[in-house]
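Undergrad: could you look at this predicted model? Sequence included:
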Amino acid sequence: MKPAVFSYLDPRTVEEALDALGEHGDDASVLAGGQSLVPLLNMRLARPEVVIDINRVPGLDASRVEAAAVRVGALVRAATVEKDPALADALPVLADAVRHIAHPQIRNRTTIGGNVAHADPSSELPAVLAALDGAVVLRSAGGERTVGWEEFFVSVFTTAREPEELVTEVVFPVRPELEFRWTEFARHHGDFPVAGVCLGLDVEDGVVRAARLAATGVGDRPVRLREAEAALSGAALGAETARAVGELARRAVDPPSDVHGSGDFRRAVLATLVRRTIDTWPDRSQRGQRGTAA
Amino acid sequence: MKAETREVTISVNGREMTRRTEVRTLLSDFLRHELGLTGTHVGCEHGVCGACTVLVDGVPMRSCLALAVQADGAAVETVEGLAPEGELSQMQQAMRDEHGLQCGFCTPGILMSMLAAERAGVSCAEACGDVLGGHVCRCTGYQGIRAAVRRRWAALPAARGEETPA
Amino acid sequence: MNRLVGARVARINDPRLLTGRGTYVDDISLPGMLHAVMVRASIAHGRVTRFDATEALADEDVHAVITPEQAMARTHELPLVWLAPEQRHTRVPVATDEVRYVGQPLGVVVADTRASAEDALDVIDVGYDELDAVVDAEAALADDAPLLYPEWGTNVVASYDIGDTGEEIEPVFAGAARVVERRLHVQRLAVNPIEPRGLVAQWDAGTEALTVWISTQVSHHIRDHLAIVLGLRADQVRVIARDVGGGFGCKEHLYADEALACLAAMTTGRPVKWIEDRGEHFGATFHARDVVHRARLALDEDGRFLAIHSDILGNCGAHASNVGTGPFRISSIMLPGPYRFERAGTTIRGVVTTTTPTGAMRGFGMQEASWVRERLVDEAARELGVDPVELRLRNMLEPGDLPYDTRTYQRYDSGDYPEALRRVGAEIEKRSRPSEGRIRRGIGVATHVEFTGLGPSKTQQLVGFHLGGFETGVVRVEPDGSVLVSSGVVGMGQGIETTLAQLAAEQLHVPMSAVRVRLGDTATAPYSASGSIASRSMVVGGGAVVRAGARLHERLVRIAAHRLEADPGDIEVEEGVFSVKGVPGSSLTLAEVAERAWLGWNLPPGERADLEEKDVHDPENVSYSYAAHAAAVAVDLDTGQVRVEDYWLVHDAGTVVNPMIADGQVVGGVAHGIGIALHEEMRYDPAGQPITTSYLDYVMPTAEDIPDMDVSHMCTPAPHIPGGMKGLGEGGTILSPVTVGNAVAAAVPEIAERLVETPLSPSRMWTLMHEAGLHDETGLDDETGLDDDDPTSKE
């Protein structure tokens, strides 16, 4: 289990990185945190001719909290997101979701850009991005573009990133009218979840005024559960709504079966997560006390 | 195809060492086979078992998921640095007292994770939970390891030892 | 006198392991060493038609490629150890062009580095004529199943009966008031010590000697079989086990790939290292379990057990492993457990399939037997409406019944089985917690008797196990008074160095610090055929050290008495100082006694000069440990997740030499078993490709799965073992899966009848509960979460 031969480039500027990608894009892998790429290299499931290590590129490891969005640099580590008070203040659900990614030893290396670019269908951040209607900033020597999550996530491990493009930033819109929660079910804390949901609600006097709901682990990419969102809007919080919306979520997905369970099992877990998240939704008066995961 | 090589300089446990190595060499293999520091163990090479955990610039990470070239210029701490004078560190001693190891293969990684946790001021509960969760031990059933962590945390100056998870 | 036996003594090898100064096999590096990787079969079944290494050999980093043809020409067949009656093969080739499982070694690449060897592997072109795969044992019995060995005309490698069968037992079932019958299955498992297998082999052409450092539980056995397959004399092979990063059964014989790596060293004339990687481990290291039991328990109208029987269908994998159908046999002989039965027996069929062979793993056969028996007993209790503890006590052997001859040829030795269960049962009430909403809670118990300390060579002969069952202990006091203990057993984390030192130090009345224990090297260790398997190191190996130490102590006392001009009966020994009772100032240190003794001076008449005693311990019987376990679980009805919230047990392993180590063995064993109960499963697709080949798919138990548990010991000495020890390395693993299973059944009685196979993973649990009607998808069921305390209220 040792990587096949590759050439190693460690550009020192974004421009150098983009030049390297421009030259080798089709045959290159971008090495950021390496927590997904290096296992694939070790198993020789990934055999890039060139590894472009962006860890020494300055400027990619900063986050900016703006009025409309939190913009997280591609090289920002999961552990940093977890501990950054400014991010926690602006978008607490991000840290909540990140804490479910593996364990500290991994999160110290995992990068937000790498996690999103890897597009694992069971990963947390893509679903957070979906719930928030976030986007990914891609740069190439030819310019920069911002791609919405729906266009970005194409399929299992497949994104809209062109070979010469580098993920430089991940944009998580701040939606202050909504409160978001991350809930997931995994075999162990830190394992890839069987299913996970990111739910955002605007609740007043026990009635949902607006809702956003996205899920991971239940398809080949993150999904927005728009029918469930529609059913939530205007509904009174409570067991009945929770059940009905959970059921809508279940019917909206058709995940494949794998070694961790059947598609039906994953759908049922999704329904349970949705139901329980709504069921345990804190009243406005208790805002700030986030509930626990299932 | 001939493997590309580079010169890599790493400060390991305070000693600077330079070797020319293939760019594909994993940090774990560099430490073990090029520097001869075999205390860091390799159990799965895909980042799950945690036996290879070392500190790079103070941060615990899987040395099987980093390339040696990436650590060029960095300060690496390994299990060999924990008891430089031969006397066991408090965590090592706690592991011995509480029977926190059997075959000892996963132990170095756990010791390094706990060293970082101790320095970072994490709670005993978190050390026994999220931090230990990043390690697989086939021998002990984790009970002795948790007991060792509790013993060590109880001896920490702050009140961090108070939380004692079941 | 210092009491070391029974003391919580710190382990003597911990400091080196804690400081990174251990020597595991991959830590060994020799000048000029090359690296081997195995060329492994990528298909499940077929014949190799092409093996082209031309491109690989063109690389200057590559020193050799051994093809299947060359390997076949240079190796002899590997003898199998445990042979069933009329087993259809008794030896297997180290190399063959006939492929019967993915991962089967075909050849070897040797290169300058591991990575360059893997580069070469990439360009070796192997072609196959492919045949159909058969993965499942039941499918392998079908008339149209592909045959692995067409010359047999069947896939059954061996079949035989144990205990009462046919007309002896069927009338009992026919006449019973109640028969509980289930088809039970224990899944295929990968063993997964955290240190994979591996070796470094060095061929010295001058002395024509092969030295092999290897991660193993059985140095001498490896040596003997290496000599056979490589065509060497035993004295040409030296095998050394240094620190071993866990064994758990999978390192208890010589694998074909290990022999091929040694062949590579002999071929190249250079030292060769081969280290199994984790991906390989899932296909190359023998698996365990994978067995189906169609089992029945007969009871009379008073709930008394009459008979137990199981039809066992075991999946042996591609060929009978070194232990072959042994696990199914051990399941059979231990099926009755701690209960009285008028009749008990099994039928065994071992079947070959196109999968990795199955062999030994912690709990060998007994974990399966416990799963079968204790599930049936719990089901009987549920059907009868009797408390499961009460039903067990009603049928349990009492202390006065021991020694007891079972219907399956065992003579249980000593103990108080009901007392262990009563103690565990007494805790149930105070530890039980209520169900809450969709979280159900329940407590389960289980009990067993365990076959430990594999021994009596005569028993091993009787059952066709072609290894000696004895152990030899050598205890020597050196001229400076230091003590050296040598044994053929191997340390692999179980703490045997420490416990053997405790035994020797106690016998010799010296401090622990005076004792060094040397294990694992065939050049220095006494011969051990069976090595560290079957919970025998302490029982059989320790017994030898006790006797050798005692004899040496008697001699030292005689020598000291002679020097002190006293009667041996008047000599007192404390911390290595010999003194005459009531004569102050008259004393000799052990060093003073030893120095003269090794000179041969001042010896009493008839006394030998050397201070070394050797004892060969071939016990008259195995020793029978036993235990009662209880688990409290929480089951999430909607996600299927099972959490073990509490665990407690009472275990009797005879004399406990070191309670700290004993607890660690038991707790670690339980954790392994909780992994079996909840997570671990080695799976194949229908084409015979393994699909759980990393820790992302093969789920190992982690810290959050394992609660802190309470372990207490009863210490009924084994009457026939010097020192009184019984084995304790496996008991935790044997009983915890079914204890958890029974707890889940108590928590969710709606699915109890169908709790017949592990792992009780979320998906399996969810499916069972779904099919039991515990989910309502219309969203209309009442789930207020307020009225679910009574788990039966929903029925």
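TA: Arrived safely. Treat the numbers as computed from the prediction; the structure is a model and nothing was measured.
Undergrad: list the contacts of B:Gly133.
TA: A:103, A:188-190, C:702-704 (CB atoms under 8 Å, 6 or more residues apart in numbering or on different chains). For every residue, glycine as well, the C-beta is placed using N, CA and C.
Undergrad: smallest gap between chain A and chain B, at which residue?
TA: Per CB to the nearest CB, A:His103 is where chain A lies closest to chain B, at 3.0 Å.
Undergrad: quick check: that residue vs A:Gly190, distance?
TA: Computed as CB to CB, to the nearest Å, the A:His103 to A:Gly190 distance reads 5 Å.
Undergrad: got the buried residues for the helix or strand hosting A:Arg276?
TA: Using DSSP states H and E, A:Arg276 falls within helix A:263-279. By 16 or more other CB atoms under 10 Å in any protein chain shown, the buried positions in helix A:263-279 come out as A:264-279.
Undergrad: nearest to C:Gln461 among these?
TA: If you rank the buried residues of helix A:263-279 by distance to C:Gln461 using CB to CB, A:Phe265 comes first, at 50.4 Å.
Undergrad: surely that closest one meets A:Gly217?
TA: No: the pair A:Phe265 and A:Gly217 does not pass the contact test of CB atoms under 8 Å, sitting 11.0 Å apart.
Undergrad: which parts of chain B are strands?
TA: B:5-12, B:15-22, B:53-56, B:59-62, B:75-77 (DSSP state E).
Undergrad: report the angle between the first one and strand B:15-22.
TA: Strand B:5-12 and strand B:15-22 are oriented at 160 degrees to each other (axes from the mean of the first three to the mean of the last three CA atoms, to 10 degrees).
Undergrad: residues in contact with strand B:5-12?
TA: Against strand B:5-12 from outside (CB under 8 Å, 6+ apart): A:8, B:16-23, B:30-31, B:35, B:37, B:68-69, B:71-78, B:80-81.
Undergrad: shaky segments in the chain?
TA: I'll assume chain A. For chain A, residues meeting the criterion pLDDT under 70 lie at A:283-294.
Undergrad: that's the wrong chain, I wanted chain B
TA: B:1, B:158-166.
Undergrad: and chain A, which residues reach chain B?
TA: A:1-8, A:10, A:31, A:34-35, A:38-39, A:41-43, A:51, A:53, A:55, A:99, A:102-106, A:108-109, A:188-190 (CB under 8 Å from any CB of the partner chain).
Undergrad: 7 Å instead, please
TA: The interface of chain A toward chain B, taken as CB under 7 Å from any CB of the partner chain, is made up of A:1-3, A:5-8, A:34-35, A:38-39, A:42-43, A:53, A:55, A:103-106, A:108-109, A:188-190.
Undergrad: how about the helices in chain A?
TA: Per DSSP state H, chain A carries helices over the ranges A:14-24, A:37-42, A:78-83, A:85-90, A:92-98, A:104-107, A:112-118, A:124-132, A:149-152, A:226-232, A:239-252, A:263-279.
Undergrad: and if you look at the stretch 301-450 of chain C?
TA: C:326-333, C:366-384, C:388-395, C:417-425, C:428-431 (DSSP state H, counting those that start in this stretch).
Undergrad: who touches the helix holding A:Arg276?
TA: A:181, A:183-185, A:194-195, A:197, A:199, A:213, A:215, A:217-218, A:228, A:237, A:239, A:241-243, A:245-247, A:249-250, A:253-257, A:294, C:638-639, C:763, C:766-767, C:775 (CB atoms under 7 Å, 6 or more residues apart in numbering or on different chains).
Undergrad: mind listing what C:Ile214 touches?
TA: Contacts of C:Ile214 by CB under 7 Å, 6+ apart are C:25, C:199, C:222, C:239, C:241, C:258.
Undergrad: roughly how far does the residue of chain B found nearest chain A sit from C:Arg392?
TA: In chain B, the residue that lies nearest chain A is B:Gly134 (3.0 Å; CB to the nearest CB). B:Gly134 sits 40 Å away from C:Arg392, going by CB to CB.
Undergrad: equivalent analysis for C:Gly425, please.
TA: Taking CB to CB as the measure, C:Gly425 falls 9 Å from C:Arg392.
Undergrad: got it, and A:Val136?
TA: In terms of CB to CB, A:Val136 sits 61 Å off from C:Arg392.
Undergrad: and if you look at B:His33?
TA: Taken as CB to CB, the span from B:His33 to C:Arg392 is 55 Å.
Undergrad: who has more neighbours, the two?
TA: Using other CB atoms under 10 Å in any protein chain shown, the more surrounded residue of B:His33 and C:Arg392 is C:Arg392, with 27 against 21.
Undergrad: wait, C:Met492 touches C:Asp243, no?
TA: No: here C:Met492 does not reach C:Asp243: they are 8.5 Å apart, not a contact under CB atoms under 7 Å.
Undergrad: near chain C, which residues of the stretch 1-150 of chain A are found?
TA: A:1-2, A:4-5, A:43.
Undergrad: please name the residues that touch the most centrally placed residue in chain A.
TA: Centroid-nearest residue in chain A: A:Leu125, 1.2 Å away (criterion: CA atoms, centre = their mean). Each residue near A:Leu125 by CB under 7 Å, 6+ apart is listed here: A:97, A:112, A:115-116.
Undergrad: okay, domains of the chain per the record?
TA: Let's take chain A. What automatic domain parsing lists as the domains of chain A is A:7-53, A:63-170, A:181-285.
Undergrad: wait, chain C
TA: Annotated domains of chain C cover C:14-131+C:193-247+C:251-284, C:288-453+C:622-771, C:457-617 [automatic domain parsing].
Undergrad: tabulate the ones you listed (TSV), appending distance to C:Pro146 and mean pLDDT.
TA: Below are these laid out as TSV (distance: least, CB to CB, whole Å; pLDDT from 0 to 100):
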stretch	distance to C:Pro146	mean pLDDT
domain C:14-131+C:193-247+C:251-284	6	98
domain C:288-453+C:622-771	8	98
domain C:457-617	28	97
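Undergrad: can you list the domains in chain B?
TA: Split by automatic domain parsing, chain B gives B:5-82, B:90-159.
Undergrad: which ones are touching A:Val245?
TA: A:228, A:231-232, A:274, A:278.
Undergrad: for chain A, what are the nearby residues on chain B?
TA: So chain B meets chain A at B:1, B:3-4, B:23-24, B:45-47, B:50, B:53, B:59-62, B:65-66, B:69-70, B:113, B:130-131, B:133-134 (CB under 7 Å from any CB).
Undergrad: list only buried entries from those residues.
TA: Of those, these count as buried by 16+ other CB under 10 Å: B:3, B:23-24, B:45-47, B:50, B:53, B:59-62, B:65-66, B:69-70, B:113, B:130-131, B:133-134.
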